[in-house]
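# the following block contains a protein sequence and its predicted model.
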Number of protein chains: 2
Amino acid sequence: MSTADVDLDALRASVTRQGAHVRELKQKGAAAELVQAAVEGLKKLKLELETQTTLQGPARDGLSSLDKKALDDVLLRKMFIVPSFEIYGGVGGFYDFGPPACALKSNLLQFWRRHFVFADKLLEVECTNLMPEVVLKTSGHVDRFTDLMVKCTKSGECYRADKLLEDHVENFLDKHPDLSTDEREKHELRATMAESYSPEEIHAVFQEYGIKAPGTGADLSFPIPFNLMFKCAIGPEGGMVGYLRPETAQGIFLNFRRLLEYNAGKVPFGCAQIGSAFRNEISPRAGLLRVREFQQAEIEFFVNPKDKSHAKFATVKDLELPLLTRTNQLTHGKAVQMTCGDAVSESVIANESLAYYLARTYLFCEAIGIDMKRLRFRQHLKTEMAHYAADCWDLEIKLSSGWVECAGHADRSCYDLSVHAKKSKVEMVGTHKFDKPEKRQIVEIKPNKGKMGRTFKSDVATILEALEGLRDDVARAQAFEEELAAKGEATLGPLCDGKEFRLQRDMVSIKVVEKMVSEEKFVPSVIEPSFGIGRLLTAVFEHNFSTREGDEKRGVMSFSPLIAPIKVSVLPLSNNSAFDPFVAELEQAFINTGLECKVDTSSVAIGRKYARADELGIPFGVTIDFETVTDRAVTLRERDSTAQVRIPIDVVGTEVSELVNGSTSWELLVERYPKVVAAGE
Amino acid sequence: MSTADVDLDALRASVTRQGAHVRELKQKGAAAELVQAAVEGLKKLKLELETQTTLQGPARDGLSSLDKKALDDVLLRKMFIVPSFEIYGGVGGFYDFGPPACALKSNLLQFWRRHFVFADKLLEVECTNLMPEVVLKTSGHVDRFTDLMVKCTKSGECYRADKLLEDHVENFLDKHPDLSTDEREKHELRATMAESYSPEEIHAVFQEYGIKAPGTGADLSFPIPFNLMFKCAIGPEGGMVGYLRPETAQGIFLNFRRLLEYNAGKVPFGCAQIGSAFRNEISPRAGLLRVREFQQAEIEFFVNPKDKSHAKFATVKDLELPLLTRTNQLTHGKAVQMTCGDAVSESVIANESLAYYLARTYLFCEAIGIDMKRLRFRQHLKTEMAHYAADCWDLEIKLSSGWVECAGHADRSCYDLSVHAKKSKVEMVGTHKFDKPEKRQIVEIKPNKGKMGRTFKSDVATILEALEGLRDDVARAQAFEEELAAKGEATLGPLCDGKEFRLQRDMVSIKVVEKMVSEEKFVPSVIEPSFGIGRLLTAVFEHNFSTREGDEKRGVMSFSPLIAPIKVSVLPLSNNSAFDPFVAELEQAFINTGLECKVDTSSVAIGRKYARADELGIPFGVTIDFETVTDRAVTLRERDSTAQVRIPIDVVGTEVSELVNGSTSWELLVERYPKVVAAGE
């Protein structure tokens, strides 16, 4: 078999499968030698994948046509994306949006609003960037959003402890090629375990190896957890800790009760938020893929956990999606085309609401000009998901750096509302009103507070709360009452703090009765589509950039007119003043039709003006020439085909407006107006 | 003269005049007794103003009709503005925007973009919220954005030192009514000086009075400057200090060079930014007027300092503005109506560009529904402005809390670009190309580096830089050369570090020559219109809220259709299922015409549905009744007049769309369709 015949997708699937196996073993707490053997297998597969990918070259991944260097040049030179604080040398992970990207983003977000919020009547909120600690402590971010860090005692420079250990082991093995297999494996295991060590454990390993700080060779500090959130003090006392939000979602959860009321108490409903989020990345990347400040657009769709159907599912039922399922990742590694309807009925996607949002995301991507052949939805492996998540699908888009997650779609169950409700003691539930009353087993609890008080004093409140908990658990309530009845006393607990209470018969009586009820309370599950705007923009840039050969190589941004930052350019053939009144007239016409236009009155040749407009992705260009002065007609050029037609100046505003909003097409226009042989291209 | 006859405006003017006099005396460093006498006069005037204002009551300020309590109730209950982190008790100075305010703000900002950015082809950028220290150190915020704070050594609570001293003196004088006039004045002077004391000075005064912490009575710390910016560490080392930006303007200045290039090197041009800003207020107020996180919309309009004319000034020349000039504040205290043209030609407003933006702001406020009788532009007094500012006008809107600054319009001269250029060593200049070459005196400098090097060694670079400085100062250059010629040597310096260098004749020769030049470089001046979005929204709320008597008192938000969060409501008369298809049909019609609509299918009476829609400020409502089922007509209601017409369901989408975009009016509509006698109001 020649190398070119190796199926990279299948090889990737093997790597994924083996990776999942390793994680599973670790989670189970399997014996070290088992874990290590699995890791060894994983390493071999990864090496093979790397070799084959290099051998087969980039030509086969469909991206060889992207001239990344030319794209980066246009992005910076045309002020799409520039490093923030550039005149002061910049700071890693911070970028500014210049005029064309600012407009592109604004158009993309306006369309996101129309597509997701307006069309489905979602609510929208705007919450603060700064949040007090209690919010992010409760959500788990204060504890969970950390990496272990060590600090050079000399330079103060910080390193991720796990990465340092991995590097050290690799170097160590390189320098000691004569070690026995057993010895090698012992060292390799340490690198494998690096991510899961506790601070004490990894510190011990550092001591054993005598790992010092790179560069200085100085001692390293004891490893401490480094939180990726930016911390501030709120208020003049400095005692109130605040964080910049690491995601926009939390603000929606905090407002759930008021949102429910705004929605007249009805579930399901969805709420969106567009806004900034902040993560103090240890090693930000160049470009918008891993930055310290970024924009998210998130939806929290609240549903009854017992009924996750979606009212508009029928509208997307027959839409085919490229799904890289959990199973496929562990077998052939390829995405399959499947309709939303089939995916739900075959339980590939967990429920209608989740599938509905995958479909809506698919349509969104199509509209903003993503190449749909380089897009897929990848399901999270079971080992990848948070324990509370029911299902999760990432929108992945193939970029020059590989498949990149640009949006997530998670069924987060009732996790977020539950933790905030518990901590804040504010009930966050929906109500399901039955069509007709239904039979339910109800736990009735009658405590005798006086009796309890004499025995338990200040613990009474705790006991009452624990008794309340029995309402949700008919079986346990029944067992407790039976024990009371049989023995005259029964033990409540141990509670979460370890306490137990021995209650007497006369302190409480419990009855389970059947009742007809007309409604039921529930903590809503949350379906969360979450978009990274910077990543989507990167995809738009990469999938819409090409170069064209002219006098020089010219970049072209083929933005969809829907989101193009500027819709039309006005290009007088030269800076002859005879053209001035026509420039003014066209500008006004485009302002009247609400179209962003850019006038280029410079003295460069018309070909250069076209090139400038193409770099900014302006879909249409109007050229004023000497004939215009007599015939009041102009040349209208389409960016991607570079084809041109001659069109009266009086209708050009309306025609371009219809081209932009999609009510006519370039093909139709070409039939109605005389074609012009392109000059200056 | 009866109290009702006292002219409050004139009295306010006296207070302003006297206040300016006090500030002037202080700035001049006038003798303490002079300052104190002026302060005494100021206090008397303030007391008189307070008394008269109380006597005349609120009825005369035109705001008695605002039911503030009812407004606050609607704002919270309908989820316009809710305290952030409410379920955790909230944190002062943080508010979330619920669905209606989020849409209102979005519409307002979209219109701001159309009105200021799109119509005038400004550039727009979006820069980061987090900025490294160097940016805000250079801009002056690290040093200037501070108040002196003292801390209770027991509770840790912080206080503004000046406020504490003022309160203490006031109490002290109350408790010692028997002091001699001289003694009293000595104490009063300390309160007057409170704001201008250094930490050492105010500490000494605290010691002298034995001022302790309020509440605890414990000792207070030494006063330290408290900066109102939120501080973060950027990056894992924690060594890089960052701040959340206190204004959006800085990001524009940092990008000046690239923006100029984007604008093909041409000045004037403007750049806008909409975004968050953060200020750690010591005492935030309830509501959106003084918060810790807020939104700004700012424009930096860069002009040649020698030519601040505006290309579109003619379009606003005849617009009359209510101007409360510097002079009027010091005389009768009233705003006068004056056209922009007159204001500029009479030098009331410093230049055309500044006046143009006042006019554009005026038109913007009119469009978003501000009551134009409660709006004025107040010019800053000379003593109020930063030393570098050339002129400054605040947009003030009269709210229930008095006249509130909602936007500023400052000519900040070249301050910002100059300081950043100097610190970053990046040139930030515009180029003025002359129509034909002009005669200029040019300083030519020929240094002999070899000769200098032998004498001055490593100081040569410093000397060369200092010599370069002579290019901008023909007179000094000439004098230096004359001294060299006369004495064979001349002294350069003292430089800013105090160093002096004695240069010999053979080290440098300087010549001043006349040359014809075709262009001139300049550091642009900046005209800065800056809007506080939360404050504008507060004005929109207050100026558009009224109550209507019905079964109960009902709030009505009379938002302009342009910015109304929801444009039309769909109200079936009851929840009878016969209405369902019509509800769906209307919803689709409004989606097709791009109109946000809200459906109310609850079972409450139609009058209650109208009331709900009025509270949300929905300008139009469509009622489906039993006749609709047979005649396919609906009732269309206008919010403010509560008038209703009967209209076919098939045209209602188009008609409402034209009402909202202003291409038809309610008055015209009423003529075309049969009027309905209002039911349920």
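On my side now, so go ahead. Numbering: from 1, shown residues only, chains lettered A, B, ... in the order given.
# pLDDT weak spots in chain A?
Low-confidence segments of chain A (pLDDT under 70): A:1-6, A:53-64, A:550-551, A:678-681.
# what pairs with the longest strand along it, parallel or antiparallel?
With secondary structure taken from DSSP state E, chain A has its longest strand at strand A:430-447. Applying DSSP bridges, strand A:430-447 is found paired with strand A:508-522 (antiparallel).
# just to revisit the earlier point, what residues does the longest strand of chain A touch?
A:260, A:265, A:267, A:302, A:304, A:306-307, A:463-464, A:467-468, A:470-471, A:473-474, A:477, A:507-524 (C-beta atoms under 8 Å, 6 or more residues apart in numbering or on different chains). From N, CA and C alone the C-beta is placed, and that goes for glycine too.
# go through the helix or strand just after it and flag the buried ones.
Heading C-terminal from strand A:430-447, the first helix or strand you meet, by DSSP states H and E, is helix A:449-456. By neighbour count with 16 or more other C-beta atoms under 10 Å in any protein chain shown, helix A:449-456 contains the buried residues A:451-452, A:456.
# by contact count, what packs against the helix or strand that helix A:449-456 is followed by?
Using DSSP H and E, the helix or strand that follows helix A:449-456 in sequence is helix A:460-469. For helix A:460-469, the packing partners by 3 or more C-beta pairs under 8 Å, 6 or more residues apart in numbering or on different chains; DSSP states H and E come out as strand A:430-447, helix A:449-456, strand A:489-492, strand A:501-504.
# adding distance to A:Glu201 as columns, could you present these in TSV?
Listed next are the helices and strands packed on helix A:460-469 as TSV, based on distance: least, C-beta to C-beta, whole Å:
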stretch	distance to A:Glu201
strand A:430-447	44
helix A:449-456	42
strand A:489-492	38
strand A:501-504	38
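# contacts for stretch A:590-610, please.
Everything outside stretch A:590-610 that qualifies as a contact, by C-beta under 8 Å, 6+ apart, is A:103, A:550-551, A:565-575, A:583, A:586-587, A:612-613, A:616, A:618, A:621, A:623, A:637, A:642, A:653-654, A:656-657, A:660, A:679-681, B:118-119, B:264.
# just the C-alphas of that stretch, formatted as PDB.
Below are the C-alpha coordinates for stretch A:590-610, written out as PDB (Å, rounded to 0.1, in the frame of the first residue of the first chain):
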ATOM      1  CA  PHE A 590     -26.600  55.000  -2.000                       C
ATOM      2  CA  ILE A 591     -27.200  56.900   1.200                       C
ATOM      3  CA  ASN A 592     -30.900  57.100   0.300                       C
ATOM      4  CA  THR A 593     -31.100  53.300  -0.300                       C
ATOM      5  CA  GLY A 594     -29.200  52.700   2.900                       C
ATOM      6  CA  LEU A 595     -26.100  51.200   1.300                       C
ATOM      7  CA  GLU A 596     -22.600  51.700   2.700                       C
ATOM      8  CA  CYS A 597     -20.500  53.000  -0.100                       C
ATOM      9  CA  LYS A 598     -16.900  54.000  -0.500                       C
ATOM     10  CA  VAL A 599     -15.700  56.600  -2.900                       C
ATOM     11  CA  ASP A 600     -12.200  56.400  -4.300                       C
ATOM     12  CA  THR A 601     -11.300  59.800  -5.900                       C
ATOM     13  CA  SER A 602      -7.500  59.100  -5.800                       C
ATOM     14  CA  SER A 603      -5.500  59.600  -9.000                       C
ATOM     15  CA  VAL A 604      -4.500  55.900  -9.400                       C
ATOM     16  CA  ALA A 605      -5.500  53.900 -12.400                       C
ATOM     17  CA  ILE A 606      -9.000  52.300 -12.400                       C
ATOM     18  CA  GLY A 607      -7.400  48.800 -12.200                       C
ATOM     19  CA  ARG A 608      -5.700  49.700  -8.900                       C
ATOM     20  CA  LYS A 609      -9.100  51.100  -7.700                       C
ATOM     21  CA  TYR A 610     -10.800  47.800  -8.500                       C
END
